[in-house]
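[1] Please find the sequence and the predicted model below.
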Amino acid sequence: MSSQKLNPFSYAVMVLIGNGGAGPHDLVRMARQGRIYSPWAESQYYAETKRLEELGYLTSRQEPGQTRPRTHYELTDKAREALAEWVPLPTPFPKIHNEGIVRVLAADLVGDAPVVESIRGLRQEIIDITARLDVAEAVADTLPHRKKYLLLNHRLSRRLLAALSEWVDEVEAELGR
């Protein structure tokens, strides 16, 4: 049996489902679009929605899809109560999972050149994520009830990308000599 406990991913799923409801396929699309925000595997969205329904946080119904019926989830009162209790809690410092940090630390073991080459690879991802943010900002206009919240997060994301880009420059300058 799955755990009865809610975790940060549980809350993220419920928030993404929001007032209008959503299916796991919608959540995966949102995760791809907002890749900078989502460290979770796409398959987890399908499993977590089922788990949350089993626990009484979501209800579901079948809706027609392009090729087969799709499951559409909505929040229950229990979910809304859980969110109302969770949101006011102090936000913990963000966890930073950055393989680049570990690779830079490995430079004394493998040499500077391969580390610089590896870190340079981040540039294309920064470009890709920036393009996704451009699209996400345009999509925010279609969600007027969430627009200001989405844009606040997108501005933070842009600052994080700028800091990461500066760090790539610094690694290249320091280790690429």
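    Arrived safely. Remember, predicted model here, so these are calculated numbers, not experimental data.

[2] residues in contact with the spatially most central residue of the chain?
    Geometric centre of the chain, nearest residue: residue 38, 1.7 Å, by CA atoms, centre = their mean. Listed by CB atoms under 8 Å, 6 or more residues apart in numbering, the contact set of residue 38 reads 12, 30, 31. Every residue, glycine included, has its C-beta placed from N, CA and C.

[3] and what of residue 36?
    So residue 36 contacts 129, 132, 133, 157, 160, 161 (CB under 8 Å, 6+ apart).

[4] buried residues in the longest helix along the chain?
    When the chain is scanned for its longest helix (criterion: DSSP state H), the result is helix 147-175. Within helix 147-175, the residues that qualify as buried are 150, 153, 154, 157, 158, 161, 164, 167, 168, 171, 175, counting by 16 or more other CB atoms under 10 Å.

[5] same question, stretch 73-87
    By 16+ other CB under 10 Å, the buried positions in stretch 73-87 come out as 73, 74, 75, 76, 79, 82, 83.

[6] now the helices for the chain?
    According to DSSP H, the helices that the chain contains are 8-17, 24-33, 42-54, 77-86, 99-105, 107-110, 112-120, 122-140, 147-175.

[7] The longest one vs helix 112-120, what angle?
    Between helix 147-175 and helix 112-120, the angle formed by their directions is 160 degrees, by axes from the mean of the first three to the mean of the last three CA atoms, to 10 degrees.

[8] For helix 147-175, name the packing helices and strands.
    Under the contact definition 3 or more CB pairs under 8 Å, 6 or more residues apart in numbering; DSSP states H and E, helix 147-175 sits against helix 99-105, helix 112-120, helix 122-140.

[9] rewinding a little: may I have the phi/psi pair for the residue nearest to the centre of the chain?
    Torsion angles at residue 38 (phi, psi; degrees, to the nearest 10) stand at phi -120, psi 110.
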